[in-house]
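Engineer: with the input below, show me the fold.
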Amino acid sequence: MSAQHDERRTVAEHAEHVTELLAGLTELGHDDVRLTAALGRATATDVVASIDLPPFRNSQMDGYAVTAASVADAPVTLPSTDVVPAGPGAPLSLAPGTAIRIMTGGVLPDGADAVIPVEDTHRAGDAVEILRGRAEGEFVRERGSDVTAGTVLLPAGTLLEPRHVALLAAVGLSTVAVLRRPRVAVLTTGAELVPAGTTLGPGEIYDSNGTALAASVLANGGEVVLQTRSSDEPAEFAALLAEATRSADLVLTSGGVSMGDFEVVKDSLAPRGSWFGHVAMQPGGPQGSGMIDGVPVLNFPGNPVSTLVSFDVFARPVLRAAAGLPPIDPRHALLAVALRSPAGKRQFLRGRWSGGRVETVAGPSSHLVAAMAWADVLIDVPADTTELAAGESVTVLPLSPAVPSPTRQESS
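Structural biologist: Sure, this is the predicted structure:
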């Protein structure tokens, strides 16, 4: 396979290419995991009940198990010597014309068809006065009245929340099959990078991209199996990339993809068939991608905002789909301020909600990582648009699912 170098693509063209390259992530199979470990995961198949729920007839109240016929002429007094707690045991038999004291959840005695709540009774030695009658079936939980065996409890693709795992535990399941999370390796490059927590030397910067990409992977359904950094030495990069492809379903790199003299990613992977070129967007123009050792590799530019925007625009949709998470769809909003954009480039400006409209946060430069942190949306300006007035409608891409939607008035 021959590499194509410095080809220009639109954002849509590159997004389509990435989706095709990462198509295998939707066929990763499933994991059987403990219920508490399944929160936030998507069910891989329909989950079907193997038992009835409740699994036996039981009392809905603390009170007395009776036949409805025996209390039809209440108030009446019935003999009562036995008691049924909530717990294991075969059902007792209710003799005609008697009552058996029963606790909430206790197994209903054979022959009983109603329960009298304790507040409607008066105990007197070995007898109980029933002050109010009840119809057949009142305060009785019938077997299977909630769920019957064979019922589909949760369809495939359900994102599991506490209420879901409570249901699965109630029918006796201890594990559930969920879609396997894509395993992602993160490899940042640059001799200038040092880990946070160390002292910076001349010309050094902290490696924020590795943390940013790893956090982005986790937030969007992936599992980080490797997070590391390489210098600009080809041998070191090659060794770390080989380690990454051995353990991951997807490798993300940042840096080393532009037109400089020390572009270790581009120089190493272009001869191996990877594509490198320019996408008509700002930030994030230089991009690369390819299949290395059978594993898809996405190569993002190294400026911090470029890295994050590249992930959100190209990798996030595919990763979320593979993990069974709902998409983070674009929305429409009204501009709070006028803005300008360069012709021929699709601009992704950092923005945030202000007074029901969206405003820009700082400028378009790709090193402004603080502005990215203060933003909650990307303002998507088409490549053929150079000016937008305050009050005009724009497309915005939320930076997380938690970003609230504008009201109809705000987005109209």
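
Engineer: could you measure from the residue nearest to residue 48 when sequence neighbours are not counted over to residue 30?
Structural biologist: Computed as Cβ to Cβ, 6 or more residues apart in numbering, the closest residue to residue 48 that is not its neighbour in sequence is residue 152, at 5.7 Å. In short, each C-beta sits where N, CA and C put it, glycine included. Shown here: residue 152 relative to residue 30, a distance of 17 Å by Cβ to Cβ, to the nearest Å.

Engineer: more neighbours, these two?
Structural biologist: Set residue 152 next to residue 30 and count neighbours by other Cβ atoms under 10 Å: residue 30 wins out with 16 against 11.

Engineer: I'd say that one and residue 41 touch.
Structural biologist: No. Residue 30 is beyond contact range of residue 41, at 9.5 Å (criterion: Cβ atoms under 8 Å).

Engineer: need the overlap of contacts for these two.
Structural biologist: Shared contacts of residue 30 and residue 41 (Cβ atoms under 8 Å, 6 or more residues apart in numbering): 178-179.

Engineer: pull the residues that contact the helix or strand residue 20 falls within.
Structural biologist: Element membership for residue 20, per DSSP states H and E: helix 11-21. Contacts to helix 11-21, defined as Cβ under 8 Å, 6+ apart, come from residues 9, 275, 279-281, 287, 289-291, 296, 298, 313-315, 317-318, 346, 383.

Engineer: cool, stretch 252-266 as well?
Structural biologist: Contacts of stretch 252-266 (Cβ under 8 Å, 6+ apart): 184-191, 209-210, 213, 217, 230-234, 237, 241, 267, 276, 286-288, 297-302, 307, 311, 315.

Engineer: buried subset of those as a ChimeraX selection?
Structural biologist: Provided next is the ChimeraX selection string for whichever of the contacts of stretch 252-266 are buried by 16 or more other Cβ atoms under 10 Å:
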select :184,185,186,187,188,189,190,209,210,213,217,230,231,232,237,241,267,276,286,287,288,297,298,299,300,301,302,307,311,315
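
Engineer: in helices, which of the contacts of stretch 252-266 fall?
Structural biologist: Using DSSP state H to define helices, the subset of the contacts of stretch 252-266 located there is 209-210, 213, 217, 234, 237, 241, 267, 307.

Engineer: quick one, domains of this protein?
Structural biologist: Annotated domains of the chain cover 5-28+183-323, 32-52+145-179, 58-141, 331-411 [automatic domain parsing].

Engineer: distance between the ends of the third one?
Structural biologist: Between the opening and closing residues of domain 58-141 there is a gap of 5 Å (Cα to Cα, to the nearest Å).

Engineer: distance from the chain centre to that domain, please.
Structural biologist: Averaging C-alpha positions (Cα atoms, centre = their mean, to the nearest Å) puts domain 58-141 47 Å from its chain's average.

Engineer: can you check the first one too?
Structural biologist: For domain 5-28+183-323, the distance between its averaged C-alpha position and the chain's averaged C-alpha position is 22 Å (Cα atoms, centre = their mean).

Engineer: same question for it, mean pLDDT?
Structural biologist: The average pLDDT within domain 5-28+183-323 is 94.

Engineer: what residues are up against residue 107?
Structural biologist: Per Cβ under 8 Å, 6+ apart, neighbours of residue 107: 56-58, 84, 89-92.

Engineer: same question, residue 172
Structural biologist: Counted by Cβ under 8 Å, 6+ apart, residue 172 has contacts 50-51.

Engineer: swap in the one 5 residues further on?
Structural biologist: Contacts were defined as Cβ under 8 Å, 6+ apart; by that measure residue 177 touches 30-32, 43-45, 47.

Engineer: just the strands in the stretch 1-150 of the chain please.
Structural biologist: With DSSP state E, counting those that start in this stretch, the ranges of strands along the stretch 1-150 of the chain come out as 5-9, 30-34, 47-48, 58-59, 63-66, 76-79, 83-84, 100-102, 114-117, 121-124, 127-130, 140-141.

Engineer: what ranges of the stretch 301-412 of the chain fall below the confidence cut-off?
Structural biologist: Residue ranges of the stretch 301-412 of the chain with pLDDT under 70: 363-367, 403-412.

Engineer: and if you look at the stretch 1-150 of the chain?
Structural biologist: Ranges of the stretch 1-150 of the chain meeting pLDDT under 70: 1-6.

Engineer: does residue 379 touch residue 346 like I think?
Structural biologist: No. In terms of Cβ under 8 Å, residue 379 does not count as a neighbour of residue 346; the distance is 11.0 Å.

Engineer: who has more neighbours out of these two?
Structural biologist: Neighbours per residue (other Cβ under 10 Å) separate residue 379 from residue 346, with residue 379 holding more: 24 against 21.

Engineer: got the contact list for residue 322?
Structural biologist: By Cβ under 8 Å, 6+ apart, the residues touching residue 322 are 22, 25-26, 28, 179, 182, 221.

Engineer: so which helix or strand takes in it?
Structural biologist: Assessed by DSSP H and E, residue 322 sits inside helix 316-323.
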